[in-house]
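Asker: Fold the following and give me the result.
(one chain, ligands or ions: 1)
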Amino acid sequence: MPLYTQESPNPSHQQAGLDVEQLLRRVPTGVFVGGIWRDSSDASTLAVENPATGRTLVDIASATARDGALALDAATAAARGWARTAPRTRAEILRRAFELLTERAEDFATLISLEMGKPLAQARGEVTYGAEFFRWFSEEAVRIDGRWAVAPDGRTRLLTMRQPVGPTLMITPWNFPLAMGTRKIGPAIAAGCTMVIKPASQTPLTMLALADLLREAGVPAGVLNVIPTKTSGAVMTPLITDPRLRKLTFTGSTPVGKNLIRQSADQVLRVSMELGGNAPFLVFDDADLDAAVDGAMLAKMRNMGEACTAANRFFVHESVATEFARLLADRMSKEVLGPGIDDGVTVGPLIDAKQRGKVAELVDDATSRGADIATGGTVVDGPGYFYTPTVLTNVQPGSAVLREEIFGPVAPIATFTNEDEAIARANDTEYGLAAYAYTSSTSRTIRVSEALDFGMIGINQGIISNAAAPFGGMKHSGFGREGGYEGIDEYVETKYVGIDPQVTAVTSR
Ligand code: NAP
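Answerer: Have a look, this model is predicted:
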């Protein structure tokens, strides 16, 4: 497998290195509170690492609980005025943000690749996807309506209105440093909510650059505040239990999400949870196998497998399993491993040593139970956290790799004999985020889509994320939807007014 190392860098990397230093100098390194960049209140800092080298990219301010309180002060002070702005004003700010992000796509893609590790081409894809939430919600901002109805008794008139829920805390993960933010910020701005954002401590640079872009796009002071921190629990808990906060939206792992749901109970907060996944990828005997392999590469290898929607378990009909595994192993073995910003690299490093260790353990557990390695299965020595793209065949029921979220470039393949068995095995997980199926039968498409207990299903396609679609899960994958017209619902309260038109005004007597 081709591998670029720090000892033999890709020549284009050195060229890119010049731009990188300039870019890193331009990224704000403070906390962003009330429209002002400032240092952390106790001057503490957080080192942001490049997972391809293990070296520090830059040190930034690490917010304290005091900074968190100041951010919520600012969001609370701005809330009423912001809620009253014209929807068209908010729409045009979002449109401007979409345009600026599109103009600066290369800078954002480079930052994402540097701090998160994904190949530059995929980082560009994240910028396009992330910007789309600004465009989509700029269009939705002017369509937040209510309804008018006559009550069944013919007397009361029912008027409903949808009003911004208020100051919102947004906690985002490291795997999509831009898009997991814009998917929340877009609808919050459209609805008229103010916000405090805590990006992941491993990838805060993209969000800091985005905050500056949103300021330039016209987001007023206090509406959007960003507080990266290396002490997440200590800074977030006082905010979640502060009565001024009205909503918590979280994207991250299921264990942390459960902890935050518990914390949010005291203030009966509105909560949205985008949590972990364990996506099945079903290949039926009537599937186009080449298309299924193309889809498998996308569903498995986007983000090196570090995606909540990543195909985690491949269930393939026994009559085509050998051929599917051969084709997939062939494609996986041709992937090019290296630092994401290098030309030609298709697989970057994993986020850190702990994540790579977990992936290696899952593979070891599977092989100790009888699985075979068709390709990969190796921790790569040297700087950075690389793991080779891996295909496992004959994976036995009970293997941890079929139960846990892998978050790495490993495709475990198991077989099934009929449709009922495939569905039962796919649903045999506490997660319910994404599922994929390849079949050429329309009736099977309908049966399988209805039977799978997942919030999002891709039929004959390996990517399902789309700003126009409602993104979200069931069961331990969480609740709430981001994107689509459903995305606005998470940021509004529905208020109902009952009016009796038969009560005459005093002045008209
Ligand atoms: P994570 O460890 O749960 O962290 C997510 C965020 O929560 C980070 O900002 C993290 O901050 C913060 N956090 C951690 N402990 C906290 C606490 N006690 N109080 C408040 N905040 C806390 O998840 P991750 O490793 O970053 O992301 C990977 C997970 O996200 C996977 O399970 C993946 O499936 C899931 N994910 C889900 C979706 C979806 O839409 N369903 C999308 C993307 C990712 P620190 O960085 O400081 O730890």
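Asker: so after the helix or strand encompassing Thr182, what's the next helix or strand?
Answerer: For Thr182, the host element (DSSP states H and E) is helix 179-191. Remark: after helix 179-191, the chain's next helix or strand is strand 195-198, criterion DSSP H and E.
Asker: what's the following helix or strand after the worst-scoring helix or strand of the chain on mean pLDDT?
Answerer: Lowest mean confidence among the helices and strands of the chain (mean pLDDT, DSSP states H and E): helix 11-26, at a mean of 70. Following helix 11-26 in sequence order, the next helix or strand is strand 31-33 (DSSP H and E).
Asker: which strands and helices sit next to that following strand?
Answerer: helix 65-83, helix 205-217, strand 224-226 (3 or more Cβ pairs under 8 Å, 6 or more residues apart in numbering; DSSP states H and E). Every C-beta, even on glycine, is put in place using the N, C-alpha and C of the backbone.
Asker: From the chain's centroid, how far away is the last one?
Answerer: Put plainly, it is strand 224-226. 18 Å (Cα atoms, centre = their mean, to the nearest Å).
Asker: And for the longest one?
Answerer: If you compare the mean C-alpha spot of helix 65-83 with that of the full chain, they lie 25 Å apart, counting by Cα atoms, centre = their mean.
Asker: Who are the contact partners of the residue nearest to Ala78 when sequence neighbours are not counted?
Answerer: Nearest non-adjacent residue to Ala78, counting by Cβ to Cβ, 6 or more residues apart in numbering: Gly222, 3.2 Å away. By Cβ atoms under 8 Å, 6 or more residues apart in numbering, Gly222 lies in contact with Gly34, Gly35, Ala74, Ala75, Ala77, Ala78, Trp82, Thr194.
Asker: can I get the CA coordinates of the helix holding Thr182 in CSV?
Answerer: Output in CSV follows, covering the C-alpha atoms of helix 179-191 (Å, rounded to 0.1, in the frame of the first residue of the first chain):
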residue,chain,number,x,y,z
ALA,A,179,-20.7,20.8,8.9
MET,A,180,-21.7,19.7,12.4
GLY,A,181,-21.6,23.4,13.3
THR,A,182,-23.4,24.9,10.3
ARG,A,183,-26.2,22.2,10.6
LYS,A,184,-27.1,23.8,13.9
ILE,A,185,-26.1,27.4,13.3
GLY,A,186,-28.1,27.7,10.1
PRO,A,187,-31.5,26.9,11.5
ALA,A,188,-30.8,28.7,14.8
ILE,A,189,-30.0,32.0,12.9
ALA,A,190,-33.0,31.4,10.6
ALA,A,191,-35.4,30.9,13.6
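Asker: Which neighbouring elements make contact with that helix?
Answerer: By 3+ Cβ pairs under 8 Å, 6+ apart, helix 179-191 packs against helix 87-103, helix 120-140, strand 168-171, strand 195-198, helix 205-217, strand 247-251, helix 486-489.
Asker: How about the residue of the chain found nearest the ligand, nearest residue that isn't a chain neighbour?
Answerer: Residue of the chain nearest the ligand, by Cβ to the nearest ligand atom: Gly252 (2.7 Å). Excluding its sequence neighbours, the residue lying closest to Gly252 (Cβ to Cβ, 6+ apart) is Pro173, at 4.6 Å.
Asker: correct me, but the one you found touches Ala200?
Answerer: Yes: using Cβ atoms under 8 Å, Pro173 makes contact with Ala200 at a distance of 5.3 Å.
Asker: Spit out the residues that contact these two alike.
Answerer: Gly252.
Asker: Okay, and the residue nearest to Gly252 sits in which element?
Answerer: With DSSP H and E as the test, Pro173 turns up in no helix or strand.
Asker: So what's the residue count around Phe176?
Answerer: When neighbours are counted by other Cβ atoms under 10 Å, Phe176 registers 27.
Asker: still on that earlier bit, highest average neighbour count across the helices and strands packed on helix 179-191?
Answerer: Of these, the one with the most neighbours on average (mean count of other Cβ atoms under 10 Å) is strand 195-198, at a mean of 27.
Asker: Show me what that strand is in contact with.
Answerer: Identification of contacts with strand 195-198 by Cβ under 8 Å, 6+ apart yields 63, 68, 71-72, 75, 167-172, 181, 184-185, 188, 207, 211, 223-229, 232, 235-236, 239.
Asker: Any residues of the chain in contact with the ligand? List them.
Answerer: 171-176, 180, 198, 200-202, 232-233, 236, 251-253, 256, 259, 274-277, 308, 405, 433, 473, 477-478 (Cβ under 6 Å from any ligand atom).
Asker: Strands of the stretch 401-509 of the chain, residue ranges please.
Answerer: Residue ranges of the strands in the stretch 401-509 of the chain, as given by DSSP state E, counting those that start in this stretch, are 410-416, 431-432, 434-438, 456-459, 474-475, 478-479, 492-499.
Asker: Can I get the ones you listed in TSV including mean neighbour count and distance to Ala47?
Answerer: Below are these laid out as TSV (neighbours: other Cβ atoms under 10 Å; distance: least, Cβ to Cβ, whole Å):
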stretch	mean neighbour count	distance to Ala47
strand 410-416	25	29
strand 431-432	24	33
strand 434-438	29	33
strand 456-459	20	36
strand 474-475	16	37
strand 478-479	22	31
strand 492-499	12	39
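Asker: Right, I'll leave it there.
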